[in-house]
Structure formats: C-alpha cells, structure tokens
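**Q** What would the 3D arrangement of this be:
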Amino acid sequence: MIDRPFPRVLVVSLSRVNAADTTGNGLLVRNLFARWPREHTAQVFSGGDNGDQGFFGQYYQLTASDRRLGSLHRRLKAEATHQCEEPEWQLAHTGTHTAPRSISRTTGIIRCLIEAGLHESVFRVKISPELREWARRFRPDFIFAQGYNLAFTTLPLQLAKCCGTPIVYYATDDWPAALYNCGFSTGAARLLSRLTRRSVVKESRRLIRQATVRIAFNKYMQEEYCQRYGREFSVLMHGDQLSRFAKETARRSAAEGTCSIVCAGDFDHYRLPLLADLDRACAVLNSEGVKITATVYFTGSAATMPDGLRYVRFLPSPSHDDLVSVLKGADILFLPERFDETAKLIRLSVSSKAHLYMFAGRPSLVYSDAVTGLARYATEEGWALVVDQRDPESLASALRRLIFDKEERARVVDRAQRVAARNHDRSAIQEAFQELLVTATQR
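**A** Next comes the predicted model:
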C-alpha cells in the first residue's frame, strides 16, 4: 500500500460542489469523495457557489486573471446574465439548454457567439500566477476532470502540466459529441460552430488520451469511448444506499383511492411537452373510471411550468432526503426523456434520477425515444416499463398495465431492486473509485 490511502485530488469542474446541491453532478461528485478527508480535496470552479461551507477542503474560483481579456469577458457575462437570466452564461450546446427568451440585439449577438463557441477562443482560459501558486501549494496527486466546455477541457491539461500530476477523467454524458454541434445549432450559430468543433474534438481527445484513470458513466459510454478513443474505461454509475430508503416513511402526493404518479427533476423544453402527454393519458384513464393524478416535483423556476393541465400539478423539488419519502409514496414513478431529433445526443446518457426510482421500490415507467441511453438501459435491464413512441394512448395503456397487472408490477420492482444492488450501491462505487486511484498511484 502507499503511505496514504486517500490521494490528494484537485477537482476541476464547472460548478462548485457545495455542501448541499440540487444538481445531479454535485451529488455525484460528493458521493465519489464521501470517504476522502477534506484536507485531501480541493476544487477549481467557475460558478454555482451557494455560499455554504462547501464540500471540499479548498476552493479556487476562476477570476478575470484566469482568462485572456478577462475583464471584458466578465462585463459581457454580466450583461448576458442580466438580460437572459440563464443559469450558465457559458452555454455549452449539449442539447439541454432552455428555450430562448426575448432578448436585446446586443445580447442576441453575444448568445450567438456563445452558442457557436467562439467566445471560448476569444476569452481563452489560462493559469494566472495566483492559480498556479494555489495549485502548487495544494500539491495534488491527481487532477479530476469532467470537461463540459472547452475551458474546462483545456484547464485540467494546463494544471496537470503545471503540477506534474496525472489526470482522472470522468464525464456523465457525451459532451464531446454534442458541444457546439453544428447539426443542432440554428442560423448564424450553425455556420460559426463549425469553427469550434475541430477544437472540441482535438482537445477532448487530448484530455481523454492523456488521462491515467478514465471512467465512463455507464456501459454504453464505455463501449463507445473505448472504440472512439482507443483507451480502456472503467464504469462507475450514480449510487445510493438501500438502507436510506428502507428507513424513510412513504409520503403520498394524492388522496387514498387515487392512483398517484410522481416524477421529479429538471424539466427543460424537451421534457415539458411530455407532461402534456401524461396529462392526456390521465384524462383517458379518468374517463374510464380510474382515479389517477400526477405530481411533478421540479427544480428551477415555476414560471417555466405549463398551464392548463388538468391532472398534473407542480410542486417545488424537496430536499435530497425528503425526495426519498415522496418517491416511496408513489403508486407509479414516471421518468420522461425526449423524442425529438436531439435524442441521439443522449444515447450514452442515463438520467441521474434512474437509480433513485429503482431504490424506491415502486414500479417505474420510462417515456422516451428508444435511442436514448435511459430507454436502452430500462429496456435491456427491465427495471422499468418503457414507452418508446410519443403517444398519449400508448402511455395510458402502459399506465393501465402497471395499475391492474400485479405480476407486472412485481416483476418491474424486483428487477429494479436487483439492478440497483448490482450497479448503484454507493459503498461499492466509493470503494471502486478509491481503488482505481490508489492503484494508479502505486503504478
């Protein structure tokens, strides 16, 4: 064994990993490093600071000094954020951004440059003397990289060179294929994005190939990345503990005698229309005398939630701990994804809520194009019923099966519990992650 079982890790990730986060990535990273001593962890980040004490031992937030023309970058960022109120000004075109709002002409031009990725070349990230000194004082054994945009693809490479440190690469979706993808841009951005795609392909390949430890989020990503990059990948998925679910009391979201559908998460402009389909499916069942309603626990702004739905209501997302009770209180758990032409962009992705649905011990229904990683995972492993065509009548039929077919319900729940135990046990994931780094350090 090496002198210390927990290597010193410098995490380079876009959003700060806080002591408490509503985003899936913050929770994912906290789970990975839950056993690490705080003094052996640090993070370089851009935004997302909620003001709490943080999860890691040290933090460094990028400043104007860490970008070329950093002062101008900050002014333009402030203008775009003020007018658009977008959660991340540095918008990566990964197929998950919200629908554009009415904005000024100047801000429209700025957003076009952002969507095309040209701002990444103009305001290129660099290591300032302050960041260099801070990183060297921390003395990392590894740089933990997740990518997401060009700045956070290049920065881990720069820090690894500066500190003489190997890289651990771990991404939760296929951002190298989606980032500034001209096929899914519109107007001028579609033409301009061709200029940045080459940089994305080059830098992401350089980051992945230079990494000493490479981790894929699921088997689909592992298979694709091994072939695409010619390197081996381990698999670590999102995890939790069955014991946490076992001790929580179920909390129903509907009256007794009414079938309660529950879904939770971030509802962007890809998923929101699918809630209208759910409402129509509920209408079909209610017309047959089946009392059924749906409750959506959403993150984000209530202003984005659609009006006019009869059987679907919206409530703010509960805390991570309280969500367990809400999921356990459901009769059916609903997990929508998307059906449009961008579905293939997430063919290597699995929802960060999937494992929570499995652990909850309630039957799940996935509503998604068959090409998505989520639908593939559910179909192949059988942990949820899958409706892979966008059709409220088909959705109503699937709900009807889960309501009245007791054997089907039991089969789905049993399969979900087995898959969760095999792929999503948090303790096993933490042990595997630690072993990967310790072994790499010894090697």
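**Q** only C-alpha atoms for contact and neighbour calcs from this point on.
**A** OK.
**Q** Show the contacting residues for Asp49.
**A** 15-18 (Cα atoms under 8 Å, 6 or more residues apart in numbering).
**Q** my read: Ile143 touches Val9, true?
**A** Yes - using Cα atoms under 8 Å, Ile143 makes contact with Val9 at a distance of 5.9 Å.
**Q** which strands and helices sit next to the host helix or strand of Tyr220?
**A** Per DSSP states H and E: Tyr220 is located in helix 219-229. Helix 219-229 sits against helix 187-210, strand 234-235, with contacts defined as 3 or more Cα pairs under 8 Å, 6 or more residues apart in numbering; DSSP states H and E.
**Q** Where neighbours are concerned, which of the contacts of Asp49 has the most?
**A** In terms of neighbours by other Cα atoms under 10 Å, the contacts of Asp49 top out with Val17 at 28 neighbours.
**Q** Show me how this protein divides into domains.
**A** 9-66+121-239+425-442, 242-423 (automatic domain parsing).
**Q** how far does the first one stretch from start to finish?
**A** When you say that, I think you mean domain 9-66+121-239+425-442. End-to-end distance for domain 9-66+121-239+425-442, by Cα to Cα, to the nearest Å: 15 Å.
**Q** One more: stretch 233-247?
**A** 35 Å.
**Q** any idea of the mean pLDDT in that stretch?
**A** Summarised as a single mean, pLDDT over stretch 233-247 is 94.
**Q** Out of the domains of the chain, which gets the lowest mean score?
**A** Looking at those, the weakest mean confidence is domain 9-66+121-239+425-442, a mean of 90.
**Q** Please settle this for me: is Ser260 part of a helix?
**A** No - the assignment for Ser260, made by DSSP: H, G, I helix; E, B strand; the rest coil, is strand rather than a helix.
**Q** what about it, distance to Glu248?
**A** Distance from Ser260 to Glu248, by Cα to Cα: 18 Å.
**Q** Neighbour count for these two, which is higher?
**A** Legend: neighbour count by other Cα under 10 Å for Ser260 and Glu248, higher for Ser260 (20 against 15).
**Q** ok, that one touching Ser253?
**A** Yes - Ser260 is within contact range of Ser253, at 6.5 Å (criterion: Cα under 8 Å).
**Q** Would you mind listing the residues touching both of those two?
**A** 295, 330.
**Q** Now do the contacts for Arg338.
**A** By Cα under 8 Å, 6+ apart, the neighbours of Arg338 are 270-271, 274, 367-369.
**Q** typo on my end, Ala294
**A** 260-263, 279, 311-313.
**Q** out of those residues, who's nearest Arg68?
**A** Using Cα to Cα, Cys263 comes nearest to Arg68 of these, at 43.2 Å.
**Q** how far does stretch 28-36 sit from the chain's center?
**A** Centroid separation for stretch 28-36 versus its chain: 16 Å, with Cα atoms, centre = their mean, to the nearest Å.
**Q** what's the closest of the contacts of Asp49 to His424?
**A** Val17 (20.8 Å).
**Q** The closest one looks like it's in a strand, true?
**A** No - Val17: not assigned to a strand; according to three-state DSSP it is coil.
**Q** Hmm, it is touching Phe55, no?
**A** Yes - using Cα under 8 Å, Val17 is in contact with Phe55, at 6.2 Å.
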